[in-house]
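>>> Sequence plus the predicted model coming up.
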Amino acid sequence: MTIRLGVPSKGRLMEKTCDWFAGRGVTLSRSGSDREYAGAVEGIGGVSLVLLSAGEIPRELATGRIHFGVTGTDLVHEKLPRWEQQVEPVAELGFGFADLVLAVPRAWIDVETVDDLDAVAAAFRQTHGMRLRIATKYHRLVREYLRQSGVADYALVDSQGATEGTVANETAEAIADITSSGETLRANHLKVLSDGPVLRSQATLWRSRIAETDDDDRAVVAGFLDRLAV
Ligand SMILES: Nc1ncnc2c1ncn2[C@@H]1O[C@H](COP(=O)(O)OP(=O)(O)OP(=O)(O)O)[C@@H](O)[C@H]1O
Ligand SMILES: O=P(O)(O)OC[C@H]1O[C@H](OP(=O)(O)OP(=O)(O)O)[C@H](O)[C@@H]1O
């Protein structure tokens, strides 16, 4: 058996992931064309490459189909309930930084904090007879954060992309999404609540607690971690 390493096959994390491994003498490469999702690991024996979307890597780790995987903190925390039991972070990779934030229309001058949002949400329900809608794809993280913050009068609206546009499109009153430069929020006349982010994320190397390893694998894992200096 070989150790299976899952890395993003495309998207924003792919190139920097390859650079990070290359900086440690481990070359990750596609075996065929840009569209082929098979790859090779050079510079260390006993490790095979699995190319996956960043969003699928948490589940692949949790089922044990890959032993190691690179993806964002946000995706692991959102997609895996009790993630600590299924995966462990091995190293933060120092790129792919993004904050999961709650944002409201800039015109809501009375709303700066999550407590303010709570007050507005209660008033919104009384006035409109419906709950204030928050658009997001991070359902688990946002629910948990709002529960801990004591906000109850809201409804989550699923938005898998262009989430900042939902307010102007009148399908939500507020949003929770990842931000990095803040440009998308600004362009859509939204402001971030001042309490701090729901979660700070960066690209991280994770190890599956579920994937099986025999004695040979354990020796490969030790050599792999040693080579990566993590
Ligand atoms: N500005 C940003 N916007 C969105 N995600 C970002 C940003 N900066 C870093 N990330 C991180 O990148 C990861 C998502 O990567 P990417 O957008 O390439 O995947 P995806 O497109 O969601 O996945 P898929 O391949 O399934 O479409 C997340 O962990 C996220 O936190
Ligand atoms: O703070 P910024 O640097 O502006 O980046 C944040 C934006 O980038 C991501 O969207 P993405 O490009 O992945 O498109 P999406 O809306 O389809 O998710 C994220 O969902 C935000 O919309």
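Perfect, I can see it now. Just so it is clear, the structure is predicted and the values come from calculations on it, not from any experiment. Numbers count the residues shown, from 1 in each chain. Ligands and ions are numbered 1, 2, ... in the order given.

>>> what does this structure put close to ligand 1?
Within the chain, the positions adjacent to ligand 1 are 8, 10-13, 53-55, 71-72, 74-75, 96, 98, 178, 180, 201 by C-beta under 6 Å from any ligand atom. C-beta coordinates here come from the backbone N, C-alpha and C atoms, glycine included.

>>> Which of the residues you listed fall in helices?
Among those, the ones falling in helices (DSSP state H) are 74-75.

>>> Am I right that Val50 is in a helix?
No - counting by DSSP: H, G, I helix; E, B strand; the rest coil, one finds Val50 to be strand, located in no helix.

>>> What residues are bridge-paired with it?
Assessed by DSSP bridges, Val50 has beta-bridge partners Gly6, Ala38.

>>> contacting residues for it?
Contact analysis of Val50 by C-beta atoms under 8 Å, 6 or more residues apart in numbering lists 4-7, 39, 60, 65-66.

>>> how about a cut-off of 10 Å?
Going by C-beta atoms under 10 Å, 6 or more residues apart in numbering, Val50 touches 4-7, 9, 37-39, 56-57, 60, 65-69.

>>> thinking again about what came up before, which of the residues of the chain next to ligand 1 come close to ligand 2?
Restricting the residues of the chain next to ligand 1 to those touching ligand 2 (C-beta under 6 Å from any ligand atom) yields 178, 180.

>>> Which of the residues of the chain next to ligand 1 are buried, as a ChimeraX select command?
Here the buried members of those are turned into a ChimeraX selection, burial being counted by 16 or more other C-beta atoms under 10 Å:
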select :8,13,53,54,71,72,74,75,96,98,178,201
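
>>> Look up how far ligand 2 lies from Ala222.
Ala222 is 36 Å from ligand 2, where distance means C-beta to the nearest ligand atom, to the nearest Å.

>>> and if you look at Val101?
Taken as C-beta to the nearest ligand atom, the span from Val101 to ligand 2 is 9 Å.

>>> quick one, strands of the protein?
When assigned using DSSP state E, the strands of the chain occupy the ranges 3-8, 27-30, 38-42, 47-52, 68-72, 87-92, 98-105, 132-136, 154-158, 174-179, 190-192, 199-201, 203-208.
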